[in-house]
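> Please work out how this folds:
(2 chains)
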Amino acid sequence: MPDTALLKKKLLHIAATGSVSQFTPEQLHSHYQELNQFLALHKDTLDSIELFNLYELEFYSCILTNHDIEAKAVIDLLLDQFQSNSKSQRIKLLQSIYYEAIGDGKQATQLLTQDPDELSLSRRLVTFSRSDGSDKYIKNLCYYLDLQPSDLSAWAELGNEYKKIGKYQDAIYCLKEILLHEPLAYPVFYKVGLYHYYLFLQELAKPKTRLHDLIQLLTQARDNFLVSVEINDKYDKSWVGLYILANHEFNQDDKFKKKTEKLKSLVQKKVTELHIDISSIIE
Amino acid sequence: MTTSDLVLDPQLKYWVLLPISIAMVLVGLIRNNITTLLQPSPKLQPYKQERERHFLDRAKSFTAHNHILTPEEFATRKQYLLAKLTSNDFLAVSPEEATTKQQDPLAQLTDPKNNEMMMNMALSSILNYIPQTVIMTWVNTFFSGFIIMKLPFPLTDGFKSMLQNGIATPDLNVSYVSAISWYFVNLLGLRPVYSLLACQEEADSIQQQQQQQQPMNIAGPGAPKMDKVFKAEAENIQILTHESIYTGVLQRVLERNGL
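Numbers count the residues shown, from 1 in each chain, chains lettered A, B, ... in the order given. Take a look at the predicted model:
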């Protein structure tokens, strides 16, 4: 029997961080059961803020585990409680998610377009155009980012979309926007490095590319990986990136060999230290 | 000089002391509830102001963290931000509009936002004063000059004015409390009792959450004009010197690992 206070803390933490969206199916399933059980047993001991935060979490868990009817029940419960304040963005957001989940896109859109001041609803509305192809989605994201220029998750999403269609330069621009707000986000530095490397590969495949540009790209990729490991020495992804760059055929050239020698030995050391299985990754 | 003890009628306890205390607690609770009910629901900022705030945020983070950019990236962004900060693109209200609004004194008075704030302030002070006046009148009319209890511990003369308000007996022992003084003691000391009875802790945390969700209203009355803020930020950006984090990163990492 787990400690109730600890369990409560854990569930509230999940509710606050929204990490439920990144659970694996097994995790999600056990989380759903745990939450249901907890709410059934300890509903009365929670204060109202905790209770409704957990109800919100339960709604998301229901949606993610395909429990539509239960999700509807949670929404009705929230509506009963907050009917007097039916303008609440938070509830409208949940309602729109429910409508989208049962395939009623029209009603969901209608709910989201009622008031231009409700910006978190506009953000959700933007995601509706995902299915209309990348170009439309990117256009909508750009429009939204013009309204909310420091919404970091929207920038990340836009970067991801650009990456999907191979516009790495634009993707890097978006990621740099995140870094300007969060200058210690080493996974983002890793991503910037990775996109530079992709860009390098893209340019390499083109018939007429200046060698200087290619070297520039590789250097930038390397520098970003290096900044990432400078912030977090144990971030294995960046070490793998550095390993690949150091062993790249470009660097086997005698001209560069001298310069990269030290880096190569350092990367080799780190890879063994962190027990990274390079062979499986490279394949 | 010792004064002999006064004999207090025990009925005073039931007919004066308790009624005053109970009335104070009840009125306090009712006032608490009414204040909660009258609180305006948090309003959304117009999206234009949100956009303005977000853009300023973006400019500020550029000023603070531009070291993560390469020189080329720095140059393009600087150019973009300078152009936008000095134009009216991201301003919620253009400077011309703002000045015409300012010149018209009637507009200030009829502005619904100002009115609402004034109304709230007036309401909260009315809610404070009316019950207090009513109870004080009640105590003063019916129990003026009453000595209603004797504190079980001795006190210094300094407390005389606090505990024996309304009775003119300079030599009376300070431990005796007059009715009107009991009212004042209750008025100032009942706060913890209210919060205990009204689960104030939870209410407080709800209020705190609401305040957190609502970003500070930068466009409120008396706030600096946004176009001036933008101009100041543009000047900040203009004089920035850029030093990239990428310069010498290889050397730094190698050195840190002893190579």
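> got the residues of chain A near chain B?
Applying CB under 8 Å from any CB of the partner chain, we find that chain A lies next to chain B at A:47-49, A:85, A:87, A:89, A:115-119, A:122, A:146-151, A:173, A:176-177, A:179-181, A:183, A:220, A:222-224, A:226-227, A:229-230, A:262-263, A:265-266, A:269-270. For the C-beta atoms, the positions are set from N, CA and C on the backbone; glycine is no exception.
> Let me see the ranges of the strands in chain B.
Secondary structure of chain B by DSSP state E: the strands cover B:147-150, B:176-178.
> Would you mind measuring the gap between the ends of stretch B:155-163?
Its first and final residues considered, stretch B:155-163 spans 10 Å by CA to CA, to the nearest Å.
> Could you pull up the contacting residues of residue 57?
With no chain named, the answer covers chain A. The contact partners of A:L57, by CB atoms under 8 Å, 6 or more residues apart in numbering or on different chains, come to A:11, A:14-15, A:20, A:35.
> Let me rephrase: I mean chain B.
Going by CB under 8 Å, 6+ apart, B:D57 touches A:149-150, A:181.
> Cross these against helices and list the overlap.
A:H181 (DSSP state H).
> give the contact list for B:S124.
Going by CB under 8 Å, 6+ apart, B:S124 touches B:T35.
> at 10 Å instead, please
When contacts are counted by CB atoms under 10 Å, 6 or more residues apart in numbering or on different chains, B:S124 is found next to B:31, B:35, B:38-39.
> Same question for B:V134.
B:23, B:27.
> If you rank every helix and strand of the chain by mean pLDDT, what lands last?
Defaulting to chain A. Of all helical and strand segments in chain A, the minimum by mean pLDDT, DSSP states H and E falls on helix A:278-282, at a mean of 73.
> meant chain B actually
Lowest by mean pLDDT, DSSP H and E among the helices and strands of chain B is helix B:200-213, with a mean of 60.
> Wait, B:E52 touches B:E233, no?
No - look at B:E52 against B:E233 with CB atoms under 10 Å: they stay out of range, at 11.7 Å.
> ok, the two, which is more surrounded?
Comparing B:E52 with B:E233 by other CB atoms under 10 Å in any protein chain shown, the one with more neighbours is B:E52, at 23 against 20.
> What residues sit buried inside stretch A:11-27?
For stretch A:11-27, a neighbour-count test (16 or more other CB atoms under 10 Å in any protein chain shown) marks A:11-12, A:14-15, A:20, A:23 as buried.
> picking up where we left off before, let's see which of the residues of chain A next to chain B end up in strands.
Short answer: the residues of chain A next to chain B have none in strands (DSSP E).
> Check those for burial and list the buried ones.
By 16+ other CB under 10 Å, these give A:89, A:117-119, A:122, A:147-151, A:173, A:176-177, A:179-181, A:183, A:220, A:222-224, A:226-227, A:229-230, A:262-263, A:266, A:270 as buried.
> and those, which of them are in helices?
Of these, the ones assigned to helices by DSSP H are A:89, A:119, A:122, A:147, A:173, A:176-177, A:179-181, A:220, A:222-224, A:226-227, A:229-230, A:262-263, A:266, A:270.
> wait, what's in contact with B:I34?
Counted by CB under 10 Å, 6+ apart, B:I34 has contacts B:123, B:127, B:131.
> about what we covered before: is it possible to export the contacts of A:L57 to a markdown table including pLDDT and secondary structure?
Listed next are the contacts of A:L57 as a markdown table, based on pLDDT from 0 to 100; DSSP: H, G, I helix; E, B strand; the rest coil:
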| residue | pLDDT | secondary structure |
| --- | --- | --- |
| A:L11 | 93 | helix |
| A:I14 | 93 | helix |
| A:A15 | 92 | helix |
| A:V20 | 90 | helix |
| A:L35 | 93 | helix |
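> Looking at those residues, which one is closest to chain B?
The closest of the contacts of A:L57 to chain B turns out to be A:A15 (CB to the nearest CB; 13.4 Å).
> near chain A, which residues of the stretch 51-200 of chain B show up?
The stretch 51-200 of chain B has residues B:51-70, B:73, B:76-77, B:84, B:89-90, B:199 near chain A, with proximity defined as CB under 10 Å from any CB of the partner chain.
> Quick check, pLDDT for residue 259.
This is for chain A. As predicted, A:K259 sits at a pLDDT of 70.
> wrong chain, I was asking about chain B
Reported pLDDT for B:L259: 76.
> Count the residues that sit near it.
B:L259: 13 neighbours (other CB under 10 Å).
> likewise A:S153?
Counted with other CB under 10 Å, A:S153 comes out at 9.
> Could you chop chain A up by domain?
A:1-86, A:187-283 (automatic domain parsing).
> Relative to B:L151, which of those domains is closest?
B:L151 sits nearest to domain A:1-86 of all the domains of chain A, at 37.8 Å, using CB to CB.
> mind listing the helices for the stretch 151-259 of chain B?
B:160-163, B:179-189, B:191-197, B:200-213, B:226-238, B:249-256 (DSSP state H, counting those that start in this stretch).
> Figure out which of these is closest to A:K206.
Closest among those, using CB to CB: helix B:249-256, at 27.4 Å.
> quick revisit: may I see the strands of chain B organised as CSV, with distance to B:N186 added?
Below are the strands of chain B laid out as CSV (distance: least, CB to CB, whole Å):
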stretch, distance to B:N186
strand B:147-150, 12
strand B:176-178, 11
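> Highest mean neighbour count out of the ones you listed?
Sort the strands of chain B by mean neighbour count, taking mean count of other CB atoms under 10 Å in any protein chain shown, and strand B:176-178 sits at the top with a mean of 22.
> Please name the strands paired to that strand in the sheet, noting orientation.
In the sheet, strand B:176-178 lines up against strand B:147-150 (antiparallel) (DSSP bridges).
> For the partner strand, list the C-alpha coordinates in PDB.
Provided in PDB are the C-alpha atoms of strand B:147-150 (Å, rounded to 0.1, in the frame of the first residue of the first chain):
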ATOM      1  CA  ILE B 147     -17.300  47.100  33.000                       C
ATOM      2  CA  ILE B 148     -17.800  43.600  31.800                       C
ATOM      3  CA  MET B 149     -14.900  41.600  32.900                       C
ATOM      4  CA  LYS B 150     -11.700  41.400  34.900                       C
END
